[in-house]
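Q: can't give you the sequence, but here's the structure:
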């Protein structure tokens, strides 16, 4: 630590320090040797002759056009700043690092002024590293990330604190670099005005501007967020604050930069022993009073009136899940079994305690205690996702990824605080009302909330019924749609009126669906009949004289009225139960034999087992064509002799020809277009 600075040297340094940071470096034939020389001068300085001025040419070399020079310069600067931070030669580290703190007041002393100047050079170095994350050289991109994170540990240790701490101001700089990536400064020159840089476009990565490259995201996620518990906790906490405090100066340039780092984080700690990896070494020891190997309370198994010594008001497991005491951001750290009571109190088997002195809010715990608290990790993870879904404009691609990763033990909801999982229902409802490809995944989320978390959504089947439109049979997610639809309609407690509406809507869609869709609808309807016998009236309606279409007497007859209202949006008001499946009867004459064969099973006794839908979900035109082309024909159809022996002139027209009027100057002549199919038929 520099305790004093010689007066004459301080004045000399001050004059040099106040010069522009764009001063030229001394002439040398080899920049690589110059970097070594500058680094040696900074690392091997004598305390009485301390001179930080070589930082200026060294930082300028880190903006060189040559990638090799840049690579060596940033590593040299890394070693220099690590030494300076450990020796307390960098000032103003406890405040906001984004604010300039170069002192002009002589009362602060020359030594403090020099330390503040070194701090500004540190910020320039961070700016260079942040820009290299979008450099066209992959080696510079991969090197900039660990160098940027490597300063976090020394800066955190430099703060005088009774407990281990994370240097939050510098951590916010890292997040800002990851959320709002800047262009690479390699080869850049400072503008004449002194504000900003002239960027070399050829040195930038080819990805869209303001978007973090995928290889950088993979390094950040795999080597830092997913690996270390302490900085992952800080990532959750500070990212939520970053979103809440967005302004024009600190706004997310692209939400994908955050979502690409957040979505892969699925293996989060759920037990105290899972918190065991720390990037900052001072967190390796747990807080005082916490015993990570604490044994569970023993239950007295002796007979007698005092055989149970637990709390009388202990809650059952299902009720603990829905306690609302810790539902806000400042949740109570009441997970005694997981946290083992970081305040030193006695935890015991989920025992309820008064809120007086044994529990604290997560906002009242120190950073050290929060990092060892499972409840704190869960709380800030939940806060972050709530802010993401509330404030960010997410594109359809990431919405689909979020919906797919929403469920499961390691899904997003699996790491939410249990009593706050229902807060996502409004977002899911909005997506469901919009329709489209994401609506079916969103309604699956609502179904999970209804069946597992007692969420009430009375219009669920109305929304599900509305998704069965003419487009659903022509989209690529059709197979996933029917898998989920089969799950939603599986309960035997659903009314026959409701199931009849779905059967009737599906049968109506079969009239306009492609063959691959029809061959999926028919076994699906068959399974619904097997599961809900009360709907059999749709195919076994007695002849009572009413003008209602019957499956056995549909084709070739006129004047029948279908009571089914296809325009009704309320699933219980479509009057489908009073109709019949005349659409299925029409499919018995389908040109594709596989469809007509399945359609005829509805006239047979329902003694066959339900179909396995997986055998029909992945059909397309190619699979149907292969099936028909490979079919073994027992009795080949007879061909007309006139077709077999015909020539081009005598070939009968297989398709009717048409006439085309052609205007030729002053007269009209009729041109007969030939039958192309008939001509191709002649071999």
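A: It's in. Since the structure is predicted, the reported quantities are computational estimates derived from the model, not experimental observations.

Q: and the helix or strand harbouring residue 118, how far from the chain's centre?
A: Following DSSP states H and E, one finds residue 118 within helix 110-132. Offset of helix 110-132 from its chain centre (Cα atoms, centre = their mean, to the nearest Å): 36 Å.

Q: That one: what's the following helix or strand?
A: Using DSSP H and E, the helix or strand that directly follows helix 110-132 along the chain is helix 138-150.

Q: buried set for the following helix or strand past that following helix?
A: As assigned by DSSP H and E, the chain's next helix or strand after helix 138-150 is helix 152-158. By neighbour count with 16 or more other Cβ atoms under 10 Å, helix 152-158 contains the buried residues 152, 153, 154, 155, 156, 157, 158. For the C-beta atoms, the positions are set from N, CA and C on the backbone; glycine is no exception.

Q: How about stretch 412-430?
A: Buried-residue list, stretch 412-430, by 16+ other Cβ under 10 Å: 412-421, 423-425, 427-429.

Q: I'd guessed residue 380 sits against residue 238; true?
A: No. Under the criterion of Cβ atoms under 8 Å, residue 380 is not in contact with residue 238, lying 9.0 Å apart.

Q: Those two: who's more crowded?
A: residue 380 (24 against 20; other Cβ atoms under 10 Å).

Q: can you tell me which residues contact the closest residue to that one other than its chain neighbours?
A: The shortest distance from residue 380 to any non-neighbouring residue, by Cβ to Cβ, 6 or more residues apart in numbering, is to residue 236 (4.0 Å). Listed by Cβ atoms under 8 Å, 6 or more residues apart in numbering, the contact set of residue 236 reads 377, 380, 381, 383, 384.

Q: now the residues you listed as CSV including pLDDT?
A: Formatted as CSV, the contacts of residue 236 follow (pLDDT from 0 to 100):
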residue, pLDDT
377, 94
380, 95
381, 96
383, 95
384, 95
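
Q: for those residues, which one is nearest residue 209?
A: Within the contacts of residue 236, proximity to residue 209 (Cβ to Cβ) peaks at residue 384, which comes in at 25.5 Å.

Q: And that closest one, how close does it get to residue 476?
A: 31 Å (Cβ to Cβ, to the nearest Å).

Q: any low-confidence regions in this protein?
A: Within the chain, the stretches with pLDDT under 70 are 1-29, 45-48, 94-108, 247-250, 289-360, 362-363, 541-560, 637-683.

Q: At which residues are the helices of the stretch 201-350 of the chain located?
A: For the stretch 201-350 of the chain, applying DSSP state H, counting those that start in this stretch gives helices covering 214-220, 229-244, 255-262, 317-320, 336-339.

Q: ok, how many other residues are close to residue 601?
A: Residue 601 has 15 nearby residues by other Cβ under 10 Å.

Q: how about it, what does it touch?
A: Per Cβ under 8 Å, 6+ apart, neighbours of residue 601: 526, 608.

Q: So which residues of the stretch 1-150 of the chain form strands?
A: In the stretch 1-150 of the chain, no strands are defined using DSSP state E, counting those that start in this stretch.

Q: same thing with the chain?
A: Using DSSP state E, the strands assigned to the chain run over residues 189-190, 197-198, 658-664, 667-673.

Q: would you turn the contacts of residue 236 into JSON lines with distance to residue 279?
A: Shown next, in JSON lines, are the contacts of residue 236 (distance: Cβ to Cβ, whole Å):
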{"residue": "377", "distance to residue 279": "15"}
{"residue": "380", "distance to residue 279": "17"}
{"residue": "381", "distance to residue 279": "18"}
{"residue": "383", "distance to residue 279": "21"}
{"residue": "384", "distance to residue 279": "19"}
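
Q: Go through those residues and flag which are in helices.
A: If you go by DSSP state H, the contacts of residue 236 have 377, 380, 381, 383, 384 in helices.

Q: Return the closest of those residues with respect to residue 177.
A: So of the ones in helices among the contacts of residue 236, ranked by how close each gets to residue 177 (Cβ to Cβ), first place is residue 384, at 18.3 Å.

Q: my guess is the closest one contacts residue 238, does it?
A: No. The criterion here is Cβ under 8 Å, and residue 384 misses it with residue 238 at 9.4 Å.

Q: now the helices for the stretch 451-600 of the chain?
A: Per DSSP H, counting those that start in this stretch, the stretch 451-600 of the chain carries helices over the ranges 460-466, 478-488, 496-509, 515-531, 582-586, 593-599.

Q: Which of these sits closest to residue 576?
A: Comparing the helices of the stretch 451-600 of the chain by Cβ to Cβ, helix 496-509 comes nearest, at 3.8 Å.

Q: Okay, angle between the closest one and helix 478-488 too, please.
A: Using axes from the mean of the first three to the mean of the last three Cα atoms, to 10 degrees, one finds that helix 496-509 and helix 478-488 are set 160 degrees apart in direction.

Q: helices or strands up against helix 496-509?
A: helix 460-466, helix 515-531, helix 582-586 (3 or more Cβ pairs under 8 Å, 6 or more residues apart in numbering; DSSP states H and E).

Q: closest to residue 595 out of these?
A: helix 515-531 (5.3 Å).

Q: Hmm, residue 508 is touching residue 562, no?
A: No. The criterion here is Cβ under 8 Å, and residue 508 misses it with residue 562 at 9.4 Å.

Q: So between the two, which is more surrounded?
A: Between residue 508 and residue 562, counted using other Cβ under 10 Å, the more crowded position is residue 508 (21 against 18).

Q: got the contact list for that one?
A: Residue 508 neighbours (Cβ under 8 Å, 6+ apart): 564, 566, 583.

Q: Now flag whichever of those is closest to residue 272.
A: For the contacts of residue 508, the minimum distance to residue 272 (Cβ to Cβ) is 57.8 Å, reached by residue 566.

Q: wait, the closest one sits on residue 507?
A: No. Shown here, residue 566 and residue 507 do not form a contact pair, counting by Cβ under 8 Å, at 10.7 Å.
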